[in-house]
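**Student:** here's my sequence, what's the structure:
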Amino acid sequence: MEQKIKKIFSAPFLDEVKIWVKGGRGGNGCMSFRRERGVPRGGPDGGDGGDGGSVILKVDKKISTLIFFHYHNHFRAGKGEHGKGKNKHGRKGKDIFLKVPPGTLVKDEKGEILADLKREKDELVVAQGGKGGRGNAQFKSSVHQTPRETEEGKEGEKKCLSLELKLIADVGIIGAPNAGKSTLLSKISNAHPKIASYPFTTLRPYIGIVRVDEVSSFIAADLPGLIEGAHMGKGLGDRFLRHIERCKILIHLVDVGSPSSINPINRFQMINRELENYNPNLLKKPQIVVANKMDLLGARMRFLKLKEKLDKQGFPLLPISAIKGEGVRQLIGKIAILLGEGR
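**Tutor:** Residues are numbered from 1 along each chain as shown. The predicted structure follows:
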């Protein structure tokens, strides 16, 4: 069945921010005594203060970036109202709901993970509002008829938090710098990553949704190029390796068109070493190895040499020219089959 590719969505994103949050202070309890004509010794009727509002993170799948928090990073929930006479309790402070994309990791100041927010509508209270104080009516007893005690509202929690986005994508496109990852993503989706002939043109991940047919689609991500030592932070480093962890399938793009001091098989092995050094489980993910730039002079010869070596390691090799679109439909079909088997 011929695969029909539709380009429908893309989004660059910010993937790491720090925020400060504070729950609202609780309202004070009220001291009041009922004094009405014809009602002697009415007794205490001071109401309780309302609880302070809380700051709550909530997953929204319509959001794919943390860019909002780059411009707004201080959040205070509403204060609880003070209690009033006639046993009127103060109103609760207004909660603040902060929308985050699926895959948001929440850490405290010490770097401890508080939550991993993955699913739509997942919520986490990150700053609890303060408890409202009790009014004097709460202190009345059989032996204490006219209490004058009240409580002040408690302060809400305040915290400094780190939000990190670990991309949730079906397919991650990996490879060395200038392997053609951005070009491939631009061909199969309407993502517009920067494309140029120098290293590290992709400085942040880009995502695109590829619709295979009328009922199925998948999310593909162009991840910045990896170099030797990336797991230790070299080049763009492990800042981007974390996005690979949640991809179901890896498209390992190898440049066979450009003459280089590093031959294609060495590039392939180097990338896999970096994945293993960062997280050995990454090598357990299905990899589709793709030889790119087949339209260039000498690519055919390098492709055959690479294929011979990868066949011995159990890695089938698909030839494509991302810039011309050759072999791209066959690649999409292979991805769709693998994703279907894993669901």
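**Student:** okay, strands next: where are they in the stretch 151-300 of the chain?
**Tutor:** 158-165, 171-175, 206-211, 217-222, 249-255, 287-292 (DSSP state E, counting those that start in this stretch).
**Student:** I'd like those strands as a markdown table, with distance to residue 124, mean pLDDT and mean neighbour count appended.
**Tutor:** From N, CA and C alone the C-beta is placed, and that goes for glycine too. Formatted as a markdown table, these follow (distance: least, Cβ to Cβ, whole Å; pLDDT from 0 to 100; neighbours: other Cβ atoms under 10 Å):
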| stretch | distance to residue 124 | mean pLDDT | mean neighbour count |
| --- | --- | --- | --- |
| strand 158-165 | 10 | 94 | 18 |
| strand 171-175 | 26 | 91 | 26 |
| strand 206-211 | 23 | 77 | 24 |
| strand 217-222 | 24 | 84 | 23 |
| strand 249-255 | 29 | 94 | 23 |
| strand 287-292 | 34 | 95 | 24 |
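**Student:** just put these in CSV and tack on distance to residue 327.
**Tutor:** Output for the strands of the stretch 151-300 of the chain, formatted as CSV (distance: least, Cβ to Cβ, whole Å):
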stretch, distance to residue 327
strand 158-165, 32
strand 171-175, 15
strand 206-211, 15
strand 217-222, 16
strand 249-255, 12
strand 287-292, 8
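**Student:** mind checking which of those is nearest residue 26?
**Tutor:** Residue 26 lies closest to strand 158-165 among the strands of the stretch 151-300 of the chain, at 14.0 Å (Cβ to Cβ).
**Student:** what helices and strands are in contact with that closest one?
**Tutor:** Packing partners of strand 158-165 (3 or more Cβ pairs under 8 Å, 6 or more residues apart in numbering; DSSP states H and E): strand 16-22, strand 104-107, strand 123-127.
**Student:** coming back round to it: out of the strands of the stretch 151-300 of the chain, nearest to residue 142?
**Tutor:** That would be strand 158-165 among these, by Cβ to Cβ, at 40.7 Å.
**Student:** so that closest one versus strand 16-22, what angle?
**Tutor:** 150 degrees (axes from the mean of the first three to the mean of the last three Cα atoms, to 10 degrees).
**Student:** between the strands of the stretch 151-300 of the chain, which one is nearest to residue 336?
**Tutor:** Comparing these by Cβ to Cβ, strand 217-222 comes nearest, at 7.3 Å.
**Student:** what strands line up against that closest one, and which way round?
**Tutor:** Each strand paired with strand 217-222, and its direction, by DSSP bridges: strand 171-175 (parallel), strand 206-211 (antiparallel).
**Student:** coming back round to it: same list (the helices and strands packed on strand 158-165) but as JSON lines, adding mean neighbour count, distance to residue 319 and mean pLDDT.
**Tutor:** As requested, the helices and strands packed on strand 158-165 are exported to JSON lines (neighbours: other Cβ atoms under 10 Å; distance: least, Cβ to Cβ, whole Å; pLDDT from 0 to 100):
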{"stretch": "strand 16-22", "mean neighbour count": "18", "distance to residue 319": "37", "mean pLDDT": "95"}
{"stretch": "strand 104-107", "mean neighbour count": "20", "distance to residue 319": "38", "mean pLDDT": "95"}
{"stretch": "strand 123-127", "mean neighbour count": "18", "distance to residue 319": "46", "mean pLDDT": "97"}
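**Student:** so which of those is nearest residue 332?
**Tutor:** strand 104-107 (29.1 Å).
**Student:** quick revisit: okay if I get the strands paired with strand 217-222 as CSV plus distance to residue 289?
**Tutor:** As requested, the strands paired with strand 217-222 are exported to CSV (distance: least, Cβ to Cβ, whole Å):
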stretch, distance to residue 289
strand 171-175, 10
strand 206-211, 19
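**Student:** buried residues in the helix or strand hosting residue 115?
**Tutor:** For residue 115, the enclosing helix or strand under DSSP states H and E is strand 113-117. Of all the residues in strand 113-117, those buried under the rule 16 or more other Cβ atoms under 10 Å are residue 117.
**Student:** quick one: mean pLDDT for it?
**Tutor:** The average pLDDT within strand 113-117 is 95.
**Student:** can you check what angle separates that strand from strand 123-127?
**Tutor:** 150 degrees.
**Student:** going forward, begin numbering at 136 instead of 1
**Tutor:** Understood, numbering begins at 136; the last thing we discussed is strand 248-252.
**Student:** so which elements touch strand 248-252?
**Tutor:** strand 190-194, strand 239-242, strand 258-262.
**Student:** what pairs with that strand, and is each one parallel or antiparallel?
**Tutor:** strand 239-242 (antiparallel).
**Student:** what residues does the strand it pairs with touch?
**Tutor:** 192, 194, 201, 248-252, 259, 261, 296-301 (Cβ atoms under 8 Å, 6 or more residues apart in numbering).
**Student:** now do stretch 213-231
**Tutor:** 159-165, 167, 169, 180-191, 210-212, 264-265, 267-268, 270, 272, 288.
**Student:** and the gap between the residue lying farthest from the centre of the chain and residue 407?
**Tutor:** Relative to the C-alpha centroid of the chain, counting by Cα atoms, centre = their mean, residue 173 is the outermost residue, at 64.7 Å. Per Cβ to Cβ, to the nearest Å, residue 173 is found 89 Å from residue 407.
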